[in-house]
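> Based on what follows, work out the 3D shape:
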Amino acid sequence: IAATFQSSGVEATAADVLASCGVKHSLYNAFSVLLDDGDEVILPAPYWVSYPSMAQANGAAIRVVDTRADGCILTPAQLEEAITPRSRLLVLVSPSNPSGVTHSREQMRALIPVLEKHPDLVILSDEIYRELVYGDTEFCSFAAACPELVDRTITVQGVSKTYAMTGWRIGYTTGPRDVVQAMIRFQSHTTSNPTAIAQVAAIAALTGPREPIEAMRQEFDKRRRLMMARLQEIEGFSLFPPNGAFYCFPDIAGALNGRTGNTPLEFCGNLLDQERVACVAGEAFGAETNIRLSYACSEEDINEGCDRLARFARG
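From the prediction side, this is the model:
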């Protein structure tokens, strides 16, 4: 695992690494040791659905920063405005679930002047989709992009997405040794460790051949371009190009009405009832005019799903 972090440009040794029961477990361990009652977590929106609950379960409040007007990229001005004396944790996910947007090295480094003014703010970088980027996009780990902040950056990765091993439940963390050791102690009194067979499977994935990963990435890219093209044909939909993960996150404000629904939640419910197409409402991600669709399925299913979605939106 230490070598895996090193391949992302993040220095790590075995003493600085914790393996957990999936990335969600890794994240929750970090939230648990870093947060106290009354602390605040800064969440750029759209965000992954579990972050708010993880914060609240540990007594912390959330401060949501809507980044959609800036292409789902957190800007220095937005970050500065969100920080308060109670801010303790900034959560960044790149590539993003649900938007598919990936921060560049330059966009990450632009945050350094703001973060240097607030030394008590820890950065948690969720990098579970690190291998799934497309076109000219290059993945960059936050700790590698911003070595000035490595002493307060927690990096979380895992095998679920890159190796299609979601059910095996292996996530791993590196960061400042005192934080990682606190996470190890916390985990030792809750779940102890991931199952041994899952650890052996993860080792096989991490040390195995790379060709299947690249083949899968290329296939996802084909499906991504197909879904983007189909969604852009639907009246009332707008879409910024996802360059990572395996989601499209269109804004459907122009398609919301009394017939389809007045909110994404209503839209998704009516779409499921009438066309048997399942997608996820943007409210769950802090985005009140969007829906999330996954292209981790066949081209045939993408075309059929988009046909039904277009028919529903058209009426």
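> what comes up buried for the helix-or-strand element of the chain with minimal mean pLDDT?
For the chain, using mean pLDDT, DSSP states H and E, the weakest element among its helices and strands is helix 2-7, scoring a mean of 90. Going by neighbour count (16 or more other CB atoms under 10 Å), the buried part of helix 2-7 is 2, 4, 5. Where you see a C-beta, it was placed from the backbone N, CA and C, and this is true even at glycine.
> now those residues as TSV including distance to residue 260?
Rendered in TSV, the data for those read as follows (distance: CB to CB, whole Å):
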residue	distance to residue 260
2	50
4	44
5	45
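> List just the nearest of the residues you listed to residue 118.
Top of the list for closeness to residue 118, among the buried residues of helix 2-7 and by CB to CB, is residue 5 at 25.1 Å.
> what are the ranges of the helices in the protein?
In the chain, the segments counted as helices under DSSP state H are 2-7, 23-34, 50-57, 76-82, 105-109, 112-116, 142-145, 177-188, 196-207, 211-232, 264-275, 299-314.
> thought residue 70 was touching residue 78?
Yes: in this structure, residue 70 is within contact of residue 78 by CB atoms under 8 Å, at 7.4 Å.
> in the sheet, who's paired with the residue lying closest to residue 282 once chain neighbours are set aside?
With CB to CB, 6 or more residues apart in numbering as the criterion, residue 282 has its nearest non-adjacent residue at 3.4 Å, and that residue is residue 290. Note on residue 290: beta-bridge partners residue 251, judged by DSSP bridges.
> what's around residue 290, how many residues?
Neighbour count of residue 290, defined by other CB atoms under 10 Å: 26.
> That one and residue 256 touch, don't they?
No: with contacts defined as CB under 8 Å, residue 290 does not count as touching residue 256, sitting 10.8 Å away.
> intersection of neighbour lists for these two?
residue 264 (CB atoms under 8 Å, 6 or more residues apart in numbering).
> List the contacts of residue 156.
23, 26, 27, 30, 124, 125, 126, 127, 128, 171, 172, 173.
> Compute the distance between it and residue 230, please.
33 Å (CB to CB, to the nearest Å).
> and what of residue 220?
Distance of residue 220 to residue 230, given as CB to CB: 16 Å.
> How about residue 17?
Separation of residue 17 from residue 230 (CB to CB): 42 Å.
> Okay, residue 6 and residue 17: tell me how far apart.
Taken as CB to CB, the spacing of residue 6 relative to residue 17 amounts to 11 Å.
> and if you look at residue 84?
When distances are taken as CB to CB, residue 84 and residue 17 turn out to be 32 Å apart.
> out of these two, which sits in the busier spot?
It is residue 17, of residue 84 and residue 17, that has more neighbours when counted by other CB under 10 Å, with 18 against 11.
> nearest residue to residue 130 other than its sequence neighbours?
residue 139 is the one closest to residue 130 (CB to CB, 6+ apart), at 4.9 Å.
> Could you tell me which residues make contact with that neighbour?
When contacts are counted by CB under 8 Å, 6+ apart, residue 139 touches 8, 94, 95, 102, 127, 130, 131, 133, 244.
> The fifth one reaches residue 160, doesn't it?
No: with contact defined as CB under 8 Å, residue 127 does not reach residue 160; the gap is 11.7 Å.
> Among the two, which residue is more densely surrounded?
Applying other CB under 10 Å to residue 127 and residue 160 shows that residue 127 carries more neighbours, namely 23 against 19.
> How confident is the prediction for the closest residue in space to residue 246 that isn't next to it in sequence, by pLDDT?
Closest residue to residue 246 in three dimensions, ignoring its sequence neighbours and counting by CB to CB, 6+ apart: residue 296, at 4.5 Å. pLDDT, residue 296: 96.
> Please give the number of neighbouring residues around residue 296.
Applying other CB under 10 Å, I find that residue 296 has 16 neighbouring residues.
> For it, give its distance to residue 97.
For residue 296 relative to residue 97 (CB to CB), the value is 11 Å.
> Overlap of the contact sets of those two?
Any residue near both residue 296 and residue 97 by CB under 8 Å, 6+ apart counts here, and not one turns up.
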